[in-house]
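**Q** Below is the sequence, then the predicted model.
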Amino acid sequence: MTTITTEPAGASSPGSGGGGWKPSALRRRGSRRRAPYGVLLSCAVLLLVLAWSLAPGLFTRQDPAHGVPADAFQGPSTAHWFGTDHLGRDEFSRVVHGSASSVTSALVAVAIGVLVGGLIGLLAGFLGGWVDVTLARVVDVLLAIPSFLLAVVVVSALGFETINAAIATGVSAVAVFARVMRSEVLKTRRAVFVEASLLLGGSRWHVLVRHVLPNASRSVLNLAVLQFGLSILVIAGLAFLGYGDPPPASDWGLLVSSGKDYPLAPWLVYAPALVTIATVLSANRISRWLRNAD
Amino acid sequence: MGATRQLPRRTSRPYLTYAVQRVVQAVVVVLLAYCFTFLVISVLPGDPVTATLRNPQNNFTEEEVQRIVAYYGLDRPVWVQLWEALSRFVQGDLGVSLRSNLPVSQLIGDVLGSTVVLAVTALVVALVLAFAIAYGTRNAPAPVAKALRAFPSLFLSVPNFVIGLLLINVFAFQLGLFQVIDSEGPAATFFAAVALGIPVSAQVAEVLIANLDHEARQDYAGFATSRGLSRSRLFWRHLLKPSSLPVVTVIALTVGELLGGALITETIFGRTGIGSLVQRSVTTQDLPVLQAVVVLAAVVFVVVNLVVDLVYPLLDPRVDLRGAARAPRTPTEQPLETTQGASA
Amino acid sequence: MAPQRRLSSTAPDPAGQPLLRVQDLSVSYGGHQVVDRVSFDLPRGHSLALIGESGSGKSTIARSVLRLLPAGVGRATGTVELQGQDVLALPERHFRPLRGRTIGFVPQDPSSSLNPVRTIGSQAREASALLRDDAGRELDGAAQRRAVVDVLARVGLDDPERVLASYPHQLSGGMLQRVLIGLAVLPQPALIVADEPTSALDVTIQKRILDLLTDLRDSLDISMLLITHDLAIAAERADSVVVLKDGTVQESGPTSRVSTEPTSAYAQRLHDDVPALNPDRYADLRAVGEARRADPASAPKIEVRGVTKTFAVHGSELTAVDDLSFSVPAGTTHAIVGESGSGKTTTIRLLLGLETPDAGEIVVAGERVDGRSHAELRSVRRHLQFVYQNPFTSLDPTWKVERLVREPLDRFKVGDKAARRDAVREALDAVGLDHALLSRRPDALSGGQRQRVAIARALVLRPDVIVLDEPTSALDVSVQADIVQVLLRLQAELGLTYVFVSHDLALVRQLAHTVSVVRRGRVVEDGTVERIFDAPREDYTRTLLASIPDAGTARRPVLAERAS
């Protein structure tokens, strides 16, 4: 899924038609606001899901791969928080163990995007010239190919594993990060304080590493959080269609896909769906807060 | 006194230079996209095409294998294969399906119609929805406006397959408004378009709302209000145009998402379109078909964005084409040197 | 003098009540009190200036009168009576008809006050739609257009039809401001609120715009509420004055009294800080440099000879600097004065080696600057430092103050870590900043503090020459006064040479010893400050001097005052 983020236009609170004027007595107040509760809640959710992916055993004792057939299709209860599936497996346990591949693969995708895309953007923005033109065409190509399709092709060629889907998603994300990094580098390069540093005896290398990079990275960080959420959606979609780890793996998308065949047990679809939604929503919330805090 | 600064005409020369540059870039990108997909498949470990051919489960006769090997030049170096494939491509030949021996272009042509109908309907739905949400955030009573602001983020957080399943569950199974069996019928198409369009509408709505907020904060909005304009008149006469023009470029970027999302939506709603073709080809490991679909998607993306890039400067007077080879974008977006230019 | 005229204009309104009466107006934003119980009267046909620095609440008061406060955030209490009617209490739909028709608004920044994607003409139609004929009906299209063309001609635009067909970005700042003023007076409002209407404009244009406003006021009998930070402008243009600080009224009364004999301490300080009203404030400090300049034995520290620079812009050539020369004796301040487009910024960029001249030579402290590479200039830059105009963009927002001021020492590898630490602290002391600020980032500092950090950063290497590009134009007048004092003190103590770019001649008079007046890249006139001010030879110089607002000559051109 392509990311279309907007240029940070400041706080998204609705203003009157009275223009953007604010009394200057207030303008000077530092931007250190305390994070609103929504953001704190979002952080908590993400940390929880991250913990699930790193140490699933801490959160559930039940076996995600094997179940007691007699217990099949039980609704949510104290014994099974998310109910059981058609093989009597505990759904909560399956979701928790599924987060390992869902979340880790999203992190891999974002990591590839940030590192490779960031580097490309940095080089293109700082060096300019033919380097910029060439890299821009490369980025165009990556942008033109829908990430979902690319992932399908790569997965069918490399093998049906979630990690391959992650790599493919990461390759598509490179384009997005490259462009943001490039535009940030261009913007920062023109900044007055960069020229000031040159006058103060700074070398171009010093300016790049100590001034341009720290300032350009703020937007990239915000984008990384957003892209994390989007990667989860893409990878879930791929898993839904079967382009991920095969059963008995419990990727969230796969859980929804298998759950939809049993309409009498709606919790099999709702549970993984809601967990996915909550995770991505949290990532979006944090990303928006980061963007407005700039 | 008050010497008039020279008022520049929108001369055709900068535009012509710019247009030619964009077209050349677009062509380059399409060719590169073809090479990219070709190389991705060729250099992947395990030589998938040969593996497919040699796989006893796929039942290729030796004669078929030889023919295919000869056609694709699989026994020759990768660069030669690429060159030949590229030459075939620019002549319109997308290769031959490994499975059915039919030209890939024919296979795609058979199913393209359904996908196009779905995608276009989805885009229309998305735009209407996005505009309605954006309008509401500025003109509805305060609690409604505030709630509407949360919609785009919410829509963007729900996987499109969940939306699809939900729509089917509610509108087909419970309300009986359409039949999943009749997947190509208008009702089913509409709901499939909604499922496909909602994530796109969320992105467009977000950009539109952000632009409206940005424009409302500009000095001219305050000045217009000081001259007695009402909120609604301010919206229609002043805020709408500068806010929606940049959205056109955003829409061009969502084309890829429509094509990718169609895959899932067609599967869920049981439609036969590009999506089902892809699914079939994946199952049978028919890589030439997959490659062709990917390239086709890239071509559509490039063409749509090229058209937008060429038309946009004519619509928005803020754009200055004279600044070298930059993709002109409005002041709220960064100028970038790419064919598909809006900021990410 | 003026008093007779003023008295007649303050004759009470026949109806007995002032046009605008503000009583106990208080505005708070989320718990923070921005305006606190402000009261004043504005009689009909009168002009009143609200003076204050940033954060004084003057703009908030103006916007409260117009009810243009950001919705849901600002809460205003008190009464604002317009023609006897309390407008604060009115619901929005009853107040809206007053906007534009009864109260007009002239905003600060003309270039952003018109919709950039629509032509001027289509926006002017919104103003002309407010007009009514004698029967109270809206005028027809042709009549509206005629009215608009008339008013644009009235405000001094040569080709109104062409202006109407243009987009905002195609017109200059001065022209746009005339358009805005035209649109504001078109419906013939009783009151115009002007929020710093000239601070975004060049100094000669400022004078013309203010003259225009005064002229319109007199001929159309419109009252004016003028918001400004510039006491000198208020002294020249307003009948009465209200001095604000932190949302409260410090002093109010007729301008003639307040500007010459202020009673409150704040107004007194404000008066003292205005360069135009106190040209000889720093005479003692300045005298040290003056002695150096007058000393025939002192060699020039900076020599610029016949420098020319052209740029290629959008296919055409722009000559930014044309055969410019000046020289600066060591230990003195040389000012370069000009308006926008004069080439003064290009000149100092050439001086710093950031641009290469097409012709001419630049010598700083005996070393050539022109035509040398970045690496070669390093040794020169050790002794040639620069302070930028905008303190909000010249400091890296991710760095702390300590690191910012230490950067030149680190880059030039001066001394060891301990020595650098001490040098940083010394530099902060020199500019009068507290050491507690060392661990803060720029966004926690005010504009004045940031600029002092920038000056400290320029000082820390102990350079011979500091070039300053309008270092105080973004700052309040009292902050400006502090910084000027710092600069002069350092020059007296350390023998620094300054090249000071400015558009503010009054400031130049306080600070500089020699001046070059530039226009369109050429030197119009140069010489000592005394000579330029007392006996200007060129018309342009005279025009610039006339643009300095002068308290003692309200409503009369300064030119007539200076009987030469």
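**A** It's in.
**Q** The helix or strand where residue B:222 lies near chain C anywhere?
**A** Assigned by DSSP states H and E, residue B:222 falls within helix B:219-226. Yes - using C-beta under 8 Å from any C-beta of the partner chain, helix B:219-226 reaches chain C at B:219, B:220, B:222, B:223, B:224, B:225, B:226. For every residue, glycine as well, the C-beta is placed using N, CA and C.
**Q** what sits against the second one?
**A** What it means is residue B:220. If you count contacts by C-beta atoms under 8 Å, 6 or more residues apart in numbering or on different chains, residue B:220 has them with A:19, B:238, C:112, C:113, C:114, C:115, C:116.
**Q** Would you format those as JSON lines with distance to residue C:301, neighbour count and secondary structure included?
**A** Output for the contacts of residue B:220, formatted as JSON lines (distance: C-beta to C-beta, whole Å; neighbours: other C-beta atoms under 10 Å in any protein chain shown; DSSP: H, G, I helix; E, B strand; the rest coil):
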{"residue": "A:19", "distance to residue C:301": "48", "neighbour count": "24", "secondary structure": "coil"}
{"residue": "B:238", "distance to residue C:301": "54", "neighbour count": "26", "secondary structure": "helix"}
{"residue": "C:112", "distance to residue C:301": "41", "neighbour count": "20", "secondary structure": "helix"}
{"residue": "C:113", "distance to residue C:301": "44", "neighbour count": "27", "secondary structure": "coil"}
{"residue": "C:114", "distance to residue C:301": "47", "neighbour count": "26", "secondary structure": "coil"}
{"residue": "C:115", "distance to residue C:301": "50", "neighbour count": "23", "secondary structure": "coil"}
{"residue": "C:116", "distance to residue C:301": "46", "neighbour count": "19", "secondary structure": "coil"}
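**Q** any idea how far the closest residue to chain A within the stretch 151-300 of chain B is from residue B:282?
**A** Residue nearest to chain A within the stretch 151-300 of chain B: residue B:222 (2.3 Å; C-beta to the nearest C-beta). From residue B:222 across to residue B:282, the span is 56 Å (C-beta to C-beta, to the nearest Å).
**Q** which sections of chain A are below the confidence cut-off?
**A** A:1-34, A:293-294 (pLDDT under 70).
**Q** Can you tell me the centre-most residue of it?
**A** residue A:228 (0.7 Å; C-alpha atoms, centre = their mean).
**Q** picking that back up, quick one: which of the residues of helix B:219-226 next to chain C is nearest residue C:152?
**A** Taking C-beta to C-beta as the measure, residue C:152 sits nearest to residue B:223 out of the residues of helix B:219-226 next to chain C, at 16.7 Å.
**Q** So what's the residue count around that closest one?
**A** Neighbour count for residue B:223, taken as other C-beta atoms under 10 Å in any protein chain shown: 27.
**Q** With residue C:436 instead?
**A** 9.
**Q** Would you mind confirming that residue C:131 is in contact with residue C:146?
**A** No - taking contacts as C-beta atoms under 8 Å, residue C:131 lies outside contact range of residue C:146: 10.5 Å.
**Q** what's the spacing between the helix holding residue B:222 and its chain's center?
**A** Computed by C-alpha atoms, centre = their mean, to the nearest Å, the separation of helix B:219-226 from the middle of its chain amounts to 36 Å.
**Q** Just checking, which helix or strand succeeds that helix along the chain?
**A** Using DSSP H and E, the helix or strand that follows helix B:219-226 in sequence is helix B:231-234.
**Q** Mind giving me the packing neighbours of that following helix?
**A** Secondary-structure packing of helix B:231-234 (3 or more C-beta pairs under 8 Å, 6 or more residues apart in numbering or on different chains; DSSP states H and E): helix B:104-139, helix B:219-226.
**Q** Just the buried residues of the longest one, please?
**A** Of the residues in helix B:104-139, those buried under the neighbour-count criterion (16 or more other C-beta atoms under 10 Å in any protein chain shown) are B:104-105, B:107-108, B:111, B:114-115, B:117-119, B:121-123, B:125-127, B:129-131, B:133-138.
**Q** how many other residues sit next to residue 43?
**A** I'll assume chain A. So residue A:43, with other C-beta under 10 Å, has 15 neighbours.
**Q** not what I meant, chain C
**A** Around residue C:43 there are 20 other residues, counting by other C-beta under 10 Å.
**Q** Now do the contacts for the nearest residue to it once chain neighbours are set aside.
**A** Among residues not flanking residue C:43 along the chain, residue C:18 sits closest, at 4.7 Å (C-beta to C-beta, 6 or more residues apart in numbering or on different chains). With contacts defined as C-beta under 8 Å, 6+ apart, residue C:18 is in contact with C:41, C:42, C:43, C:44.
**Q** Residue B:167 now?
**A** B:191, B:194, B:195.
**Q** Kindly identify which of those residues also come near chain A.
**A** Counting by C-beta under 8 Å from any C-beta, no member of the contacts of residue B:167 reaches chain A.
**Q** and these as a markdown table, adding distance to residue A:163 and pLDDT?
**A** Listed next are the contacts of residue B:167 as a markdown table, based on distance: C-beta to C-beta, whole Å; pLDDT from 0 to 100:
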| residue | distance to residue A:163 | pLDDT |
| --- | --- | --- |
| B:191 | 34 | 88 |
| B:194 | 33 | 92 |
| B:195 | 28 | 92 |
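**Q** Now the buried members of those residues.
**A** Looks like the contacts of residue B:167 have B:191, B:194, B:195 buried, using 16+ other C-beta under 10 Å.
**Q** The last one: which element?
**A** If I follow you right, that is residue B:195. Per DSSP H and E: helix B:186-216 holds residue B:195.
**Q** do residue C:242 as well
**A** strand C:240-245.
**Q** okay, that strand in CSV with CA atoms only?
**A** In CSV, the C-alpha atoms belonging to strand C:240-245 read as follows (Å, rounded to 0.1, in the frame of the first residue of the first chain):
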residue,chain,number,x,y,z
SER,C,240,-4.0,59.6,20.6
VAL,C,241,-2.1,56.7,21.8
VAL,C,242,-2.6,53.7,24.2
VAL,C,243,0.6,52.0,25.4
LEU,C,244,0.2,48.3,26.2
LYS,C,245,2.4,45.9,28.0
